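Student: return atomic coordinates for the entry below.
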Amino acid sequence: MNVSDAWRDGSAGDGGGGGAGVRIAACRAEDVAPLDAHLPSGVATSFHARRFARQRAGGSTYLVAWADGVPVGNGEIRWGGCAAPEVREAVGECPELNGLDVRAELRGRGIGTALIHHAEALAARRGAPRLGLGVDDTGNPRAARLYARLGYRPALRYLDRWTYVDEDGTTHERADPTVFLVRPLGGGTA
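Tutor: Numbers count the residues shown, from 1 in each chain. Reported below is the predicted structural model:
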């Protein structure tokens, strides 16, 4: 049975830590290869290896959602907040849940929500009064609806600037219109 079949018939996962039959844990070195195999990034250097390296350096926690021993989603809590200066100026100290992703065929089954709740719990344990994340609300309306349903509210619009190297070795620069959303944790105010 493959992971998609297991989710359809309700038998997926070991039930540990995430709800929706998913287990969520911080990435380990041995998780990078399965992440690359099951959630490929399509870039020359492993997206997952870069996130794991940031985690090892102490700047983030890279969360991985697992079902039946297979990675099905991920997201990185960047403890220093969003890299965009305009976001830092607007929201101050606010950890960012960055790059939330769930396998396309498994979206809408609670995995993203479980990852978000896990990130919120970790941030609250560290004493963060709020958690933020960015979304292209026109290009990704489904994610924007999820975040709104979970209590995330707009703080500001900005251009999310980033670069990547494709498999041919060409560097690409991107600037995506993004809304930075914030949710208070532990009953506080954003």
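Student: how far away is residue 138 from residue 176?
Tutor: 10 Å (C-beta to C-beta, to the nearest Å). C-beta coordinates here come from the backbone N, C-alpha and C atoms, glycine included.
Student: the more surrounded of those two?
Tutor: Neighbour totals were compared for residue 138 and residue 176, and residue 176 leads with 14 against 9 (other C-beta atoms under 10 Å).
Student: how about residue 171: what's its closest non-neighbour residue?
Tutor: residue 165 (5.2 Å; C-beta to C-beta, 6 or more residues apart in numbering).
Student: so that neighbour belongs to a strand, correct?
Tutor: Yes - going by DSSP: H, G, I helix; E, B strand; the rest coil, the assignment for residue 165 places it inside a strand.
Student: which strand or helix spans residue 158?
Tutor: Remark: residue 158 resides in strand 153-165, with elements defined by DSSP states H and E.
Student: C-alpha coordinates for that strand, CSV please?
Tutor: As requested, the backbone C-alpha atoms of strand 153-165 are provided in CSV (Å, rounded to 0.1, in the frame of the first residue of the first chain):
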residue,chain,number,x,y,z
ARG,A,153,-4.0,37.8,10.4
PRO,A,154,-2.3,40.1,7.9
ALA,A,155,0.5,42.3,9.2
LEU,A,156,1.9,43.7,5.9
ARG,A,157,2.5,43.0,2.2
TYR,A,158,6.1,42.8,1.0
LEU,A,159,8.2,41.2,-1.7
ASP,A,160,9.7,37.9,-0.6
ARG,A,161,13.1,38.0,-2.3
TRP,A,162,15.1,34.7,-2.7
THR,A,163,17.5,33.0,-4.9
TYR,A,164,18.1,29.4,-6.0
VAL,A,165,20.5,27.4,-8.2
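Student: mind giving me the packing neighbours of that strand?
Tutor: helix 85-91, strand 130-135, strand 171-184 (3 or more C-beta pairs under 8 Å, 6 or more residues apart in numbering; DSSP states H and E).
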